[in-house]
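>>> generate coordinates for the sequence data below:
(one chain, ligands or ions: 1)
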Amino acid sequence: MKKIRCPKCDDFIIFDEKTIDMENVVVFKCQHCGKSFKVKFKRKNKDEEADEPDFGSLVVVENMFAHRQVFKLHLGDNVVGRRNPGDSIDCPIVTTDPSMDREHCVVNVSEKNGNLVFRIRDCNSNTGTFVMNVEVTKKEQRIIHNSDIISLGATTLILKTPGADE
Ligand SMILES: [Zn+2]
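From the prediction side, this is the model:
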């Protein structure tokens, strides 16, 4: 048995993967809210996964509000915030931290001369975005580096860039 989250109400839908066609688009109906949605399952292929480009990740440090989480970044804007049912941001942090906004900050990844550049900006959040304890001011796009510590409310994130030591 497998489970999948309803994109509308966040309820889990449990299904038997043997009874459905994992190769094609599958339509699910949420028992909780009645939402119908389509899912295309990706076949896991270890070789393909290894070739997937790495644009770094954000590691959420475990605290009293959240467990440890890792979010892979992609090129362009990665919106970071508190996970909320129905929202579709890039880095939805599962946390009960009330001081984190649903769209708190954005980490932008770009390529320059073959190197990745990471920039962070605040989304007008209530408690602000801090990098190494220095607040990111309005309209500022601060360049961040591997192992930089980002604080959103009571939550701490660490930037991991590709190829950096674990
Ligand atoms: Zn639902």
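>>> ends of stretch 126-138, how far apart?
The separation between the terminal residues of stretch 126-138, taken as Cα to Cα, to the nearest Å, is 12 Å.
>>> what's it in contact with?
99-101, 104-105, 120-122, 124, 142, 144, 148-153 (Cβ atoms under 8 Å, 6 or more residues apart in numbering). The way it works is simple: take the backbone N, C-alpha and C, and place the C-beta from them, glycine included.
>>> report pLDDT for Asn24.
According to the prediction, Asn24 has pLDDT 79.
>>> oops, could you answer that again for Asp51 instead?
Taking Asp51 on its own, its pLDDT is 60.
>>> picking up where we left off before, give me the buried entries from the contacts of stretch 126-138.
When burial is judged by neighbour count using 16 or more other Cβ atoms under 10 Å, the buried members of these are 99-101, 104-105, 120-122, 142, 144, 148, 150-153.
>>> residue numbers of this structure in contact with the ion?
Within the chain, the positions lying close to the ion (Cβ under 5 Å from the ion) are 6, 8-9, 11, 30, 32-33, 35.
>>> out of these, who's the most crowded?
Ranked by neighbour count under the definition other Cβ atoms under 10 Å, the residues of the chain next to the ion are headed by Cys6 with 21 neighbours.
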